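[1] Could you work out the structure for the sequence below:
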Amino acid sequence: MTHYDLVVVGTGSGNTIVTQQFADRKVAIVERGTFGGTCLNVGCIPTKMFVHTADLAAVPSHSSRLGVDEQLTGVRWPDIRDRVFGRIDPISAGGEEYREKHANNVNVTLYHGTGRFTAERELTVTANEGGRTEVLTADKFVLAAGSRPVIPEIFGLTETGFHTSDTIMRLDELPRRLGIIGSGFVAAEFAHVFSSLGVEVTLIARSDLLLRGEDAEVAKRYTEIARERYDVRTRRETMGVNRTKDGIAIRTLSPDGAEDLYVDELLVAVGRQPNSDLLNLDVTKIEVDKDGRVVVDEFQETGAEGIYALGDVSSEYQLKHVANHEARVVQHNLLHPDDRIESDHRFVPHAVFGSPQVASVGLTEEEATAKGVSYVVGSQAYADIAYGWAMEDTTGFAKILADPDTGLILGCHVIGPEASIVIQPVIQAMSFGLDADTMARGQYWIHPAMPELIENALLNLKLTKNKK
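    Below you'll find the model as predicted:
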């Protein structure tokens, strides 16, 4: 049994907590998987490297509208894959080596294995190799154990074989046909990637819309566009899968009856679940909610004093920028227990890097209505701004919700080119309490640039004070 001042479980955002400021403390870091966590290895970073490649590959499909006749003459999948992981894998390995050998005088011990609580302040780590166990005790713990893909109960799935977002990017070769079960952001992004690289994509969704968690108008538009680019089967229940001479057979059930679809590879992308169930929290005072997320207070502290949690294991958002924010809060609170700070989850944005991009912050119209919040909407189409003309974009738009009396922005939703960038000024305005009228009129907007989309959406708000 070894005692530490601090034990951190997880090397994603949790790893960033342990800096030179902890040089006077004895610290252990426990990692059950690949060093660096989800974002670095199987999430945000590699997927966006694939998305950028897909964006380039897709250009010939629409460049003729601009008078440029281009062709996609080939896709070298091994080169695409190896460019991504040739950069990602050394970063992961370098981070691991730093923690093990070059810790810059920070007293850190790295454990490779699965940690499970065997008492309130006791974590037993079973090594990945050899199965040897070590018992760690500590004054403070940080749970940053992340999440993993949900594997639905589908008949024949395990026997047939399938991919998740953890494995699909490392395929040896591109399949001719790819089936994707799911309708959220992971499904949307991989559908864009593989269809742009020439794969026949079939997307199977239980709901009637893709990205159904987005503003309804955005989800509807995205689904319409997706149907034009690959085979989208909505309102389908996946009943079972099995391998045949024609590939993987997927039996689906819709209101119109049963149907068999055939693909060469299958990606399951129906969501992610927190890894809290791997920690044996029942022996502690730590609570989990109905979705398995570790319950924390405004300081990121669990029900067990001195045990903090952050990121996917406790957050409903499952976003790297949220985990990073929470890690900064936890770090401060560990270093300054008498002057703790709170996490700020008021205006958490997100983006979907599909085709087109989608970005959102704040309330959707549906959420505002359900909560009884008074609002007005200002919208603007890409097609009606100068840069939209340049791109010949006919489907994208931005919509902004604001309080009709104060002009404070309640939410913003963008679908179209560079939506993740275009929305950023609105996130800033919401975070610092800038009202819509001041935001629109109180600064220059570069003409003709894409942010004019936001400027015009703001000007299209019918605010009460502007009616007087």
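
[2] For residue 205, give its distance to residue 256.
    Look at residue 205 and residue 256: by CB to CB, to the nearest Å, they are 15 Å apart. Yep, even glycine has a C-beta here, placed from its N, CA and C like the rest.

[3] More neighbours: those two, which one.
    Just comparing residue 205 and residue 256: by other CB atoms under 10 Å the higher neighbour count belongs to residue 205, 24 against 8.

[4] what residues are up against the spatially closest residue to that one that is not a sequence neighbour?
    Leaving out its chain neighbours, the residue that sits closest to residue 205 by CB to CB, 6 or more residues apart in numbering is residue 183, at 3.5 Å. When contacts are counted by CB atoms under 8 Å, 6 or more residues apart in numbering, residue 183 is found next to 203, 205-207, 209-212, 234.

[5] Next: residue 408.
    Residue 408 sits next to 402, 430, 433, 435-436 when contact means CB under 8 Å, 6+ apart.

[6] where exactly do the strands run in the stretch 201-350 of the chain?
    231-233, 237-244, 247-254, 257-263, 265-268, 272-274, 307-309, 350-352 (DSSP state E, counting those that start in this stretch).

[7] My guess is residue 353 contacts residue 186. True?
    No. Using CB atoms under 8 Å, residue 353 makes no contact with residue 186, being 10.6 Å away.

[8] Now which of the contacts of residue 183 would you call buried?
    With burial judged by 16 or more other CB atoms under 10 Å, the buried subset of those is 203, 205-206, 209-212, 234.

[9] still on that earlier bit, ok, the residue nearest to residue 205 to residue 175 distance?
    In this structure, residue 183 and residue 175 are separated by 20 Å, where distance is defined by CB to CB.

[10] Check residue 6 too.
    45 Å.

[11] do the same with residue 143
    Residue 143 sits 38 Å away from residue 175, taking CB to CB as the criterion.

[12] So for residue 269, what's the nearest residue that isn't a sequence neighbour?
    Setting aside the residues directly before and after it, residue 269 is nearest to residue 182 in space (CB to CB, 6+ apart), at 3.6 Å.

[13] Next: residue 118.
    Computed as CB to CB, 6+ apart, the closest residue to residue 118 that is not its neighbour in sequence is residue 124, at 4.7 Å.

[14] Please tell me how far that neighbour sits from residue 7.
    With CB to CB as the criterion, residue 124 and residue 7 are 12 Å apart.

[15] For these two, indicate the residue with more neighbours.
    The residue with more neighbours, out of residue 124 and residue 7, is residue 7; 28 against 17, by other CB under 10 Å.

[16] Geometric centre of the chain: which residue is closest?
    Computing the C-alpha centroid of the chain and ranking residues by CA atoms, centre = their mean puts residue 319 first, at 4.8 Å.

[17] ok, now which ones touch it?
    Residue 319 makes contact with 348, 350, according to CB under 8 Å, 6+ apart.

[18] Give me every residue in contact with whichever strand or helix holds the residue nearest to residue 118, excluding its own residues.
    Following DSSP states H and E, the helix or strand that holds residue 124 is strand 122-127. The list of residues contacting strand 122-127 from outside it, by CB under 8 Å, 6+ apart, reads 1, 7, 9, 30, 111-118, 132-138, 141.

[19] can you rerun that using 6 Å?
    Surrounding strand 122-127, the residues in contact under the criterion CB atoms under 6 Å, 6 or more residues apart in numbering are 7, 30, 111, 113-118, 133-137.

[20] and it, how far out from the chain's middle?
    Distance of strand 122-127 from the chain centroid (CA atoms, centre = their mean, to the nearest Å) equals 29 Å.

[21] buried residues in it?
    In strand 122-127, counting by 16+ other CB under 10 Å, buried: 122-125.

[22] Also stretch 447-454?
    Using 16+ other CB under 10 Å as the test for burial, stretch 447-454 gives 450-454.

[23] which among these gets closest to residue 92?
    Proximity to residue 92 was ranked across the buried residues of stretch 447-454 by CB to CB; first place goes to residue 450, at 34.4 Å.

[24] could you measure the closest one against residue 380, distance?
    11 Å.

[25] so where do the helices sit in the stretch 51-200 of the chain?
    In order along the chain, the stretch 51-200 of the chain carries the following helices (DSSP state H, counting those that start in this stretch): 77-101, 157-160, 185-196.

[26] Pick the most deeply packed of these.
    Greatest average neighbour count among those goes to helix 185-196 (a mean of 25), per mean count of other CB atoms under 10 Å.

[27] What angle do helix 77-101 and that one make with each other?
    Orientation of helix 185-196 against helix 77-101 (axes from the mean of the first three to the mean of the last three CA atoms, to 10 degrees) gives an angle of 140 degrees.

[28] could you say what helices and strands helix 185-196 packs with?
    helix 44-58, strand 177-181, strand 200-204 (3 or more CB pairs under 6 Å, 6 or more residues apart in numbering; DSSP states H and E).

[29] Dump those to a markdown table, plus mean pLDDT and distance to residue 335.
    Rendered in a markdown table, the data for those read as follows (pLDDT from 0 to 100; distance: least, CB to CB, whole Å):
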| stretch | mean pLDDT | distance to residue 335 |
| --- | --- | --- |
| helix 44-58 | 98 | 27 |
| strand 177-181 | 98 | 44 |
| strand 200-204 | 98 | 46 |
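
[30] Residue 289 is nearest to which of the ones you listed?
    Taking CB to CB as the criterion, helix 44-58 is the member of these that comes nearest to residue 289, at 24.3 Å.

[31] buried residues in the closest one?
    For helix 44-58, the buried set under the neighbour-count rule, 16+ other CB under 10 Å, comprises 45-47, 49-51, 53-55, 57-58.

[32] so it versus helix 77-101, what angle?
    Using the same axes, to 10 degrees: helix 44-58 against helix 77-101 is 160 degrees.

[33] domains in this protein, as residue ranges please.
    Under automatic domain parsing, the residue ranges defining each domain of the chain are 2-149+273-335, 157-270, 356-467.

[34] And the helices in the stretch 351-468 of the chain?
    With DSSP H, counting those that start in this stretch as the criterion, the stretch 351-468 of the chain has helices at 365-370, 386-391, 419-422, 424-431, 436-441, 452-459, 464-467.

[35] Need the winner for burial among these.
    Mean neighbour count (mean count of other CB under 10 Å) peaks for helix 452-459 among the helices of the stretch 351-468 of the chain, with a mean of 23.

[36] hang on, the earlier thing: and the buried residues of stretch 447-454 as TSV, adding pLDDT and distance to residue 371?
    Below are the buried residues of stretch 447-454 laid out as TSV (pLDDT from 0 to 100; distance: CB to CB, whole Å):
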residue	pLDDT	distance to residue 371
450	97	31
451	97	29
452	98	31
453	98	27
454	98	24
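
[37] Distance to residue 341 added to those residues, as TSV?
    As requested, the buried residues of stretch 447-454 are arranged in TSV below (distance: CB to CB, whole Å):
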residue	distance to residue 341
450	35
451	32
452	37
453	35
454	31
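
[38] and the closest residue to residue 298 other than its chain neighbours, how many residues sit next to it?
    If you skip the residues right next to it in sequence, residue 298 has residue 342 as its closest partner in space, 4.1 Å away by CB to CB, 6+ apart. Here the neighbour count serves as a burial measure; for residue 342 (other CB under 10 Å) it reads 11.

[39] How about the one 10 residues further on?
    Other residues near residue 352 come to 26 when the count uses other CB under 10 Å.
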